[in-house]
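In: Let's see this in three dimensions:
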Amino acid sequence: MVAGSTTTERVSKVEAKRLWNATVKDSHNFCPLVLPHIFSSVTTLEGDGGVGTIKQFNFTPEAIKDFSFVKERVDEIDEEKLVYKYTVIEGGPLGKKLISLSYEMKFVAKEGGCVISRTSNYETHPGAEFDEAKVKEVKELMNAMFEKVEQYLLSNPNVYC
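Out: Predicted coordinates:
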């Protein structure tokens, strides 16, 4: 069993609040709209978007080969500090190699945009090998998704203000 974390940080030309509104507050509409090649749909199964809300993200077969969906529970949502914490509770990589997986996203305003940091905390099943290649693949997918999100928001300056 291996427990660990990984953090990625990215600078964006988009304002923190706009990224927050699009990717956190309205992810159920935004993700399938801007990333239809990855998300076939996002459904709120329980809650109103606040702590305890459960969402299911359904993936297209072409985008994610290892699984078709992931269910996430909102653990913290801080509108003032723009901090979002959530836990994968079903689907995705859980069960096969991971016992647990949670994330923390922070959006920090800076002149001309913001800095987004995303920390993943995970715990593998006993005997499961930590797959550096898979971690790299996921990071590359996240970067490609972010580029599409940023491109959409920069091309549509009046949305998610």
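
In: only C-alpha atoms for contact and neighbour calcs from this point on.
Out: Noted.

In: can you list the residues that contact stretch 27-42?
Out: Stretch 27-42 has contacts (C-alpha atoms under 8 Å, 6 or more residues apart in numbering) with 22-23, 43-44, 55-60, 62-64, 145, 148-149, 152.

In: switch the cut-off to 10 Å
Out: The set of residues external to stretch 27-42 that reach it, using C-alpha atoms under 10 Å, 6 or more residues apart in numbering, is 20-24, 43-44, 49, 55-64, 68-71, 141, 145-146, 148-153, 160.

In: Just the buried ones from those residues?
Out: Neighbour-count burial (16 or more other C-alpha atoms under 10 Å) applied to the contacts of stretch 27-42 gives 20-24, 49, 55-60, 64, 68-71, 145-146, 149-150, 153, 160.

In: What about those, which are in strands?
Out: If you go by DSSP state E, the buried ones among the contacts of stretch 27-42 have 55, 56, 57, 58, 59, 69, 70, 71 in strands.

In: Quick one, grab the pLDDT at the residue nearest to the last one when sequence neighbours are not counted.
Out: The reference is to residue 71. Leaving aside its chain neighbours, residue 71 sits nearest to residue 56 (4.4 Å; criterion: C-alpha to C-alpha, 6 or more residues apart in numbering). Listed pLDDT for residue 56 reads 97.

In: for residue 97, same thing?
Out: So residue 97 comes in at 82 (pLDDT).

In: And for it, the neighbour number?
Out: 17 (other C-alpha atoms under 10 Å).

In: Angles on the backbone of it, please.
Out: Residue 97 adopts backbone torsions of phi -120, psi -30, taken as degrees, to the nearest 10.

In: Residue 138 now?
Out: Main-chain dihedrals, residue 138, degrees, to the nearest 10: phi -60, psi -40.

In: do residue 120 as well
Out: When quoted as degrees, to the nearest 10, the phi and psi of residue 120 stand at phi -110, psi 130.

In: This completes my enquiry, with thanks.
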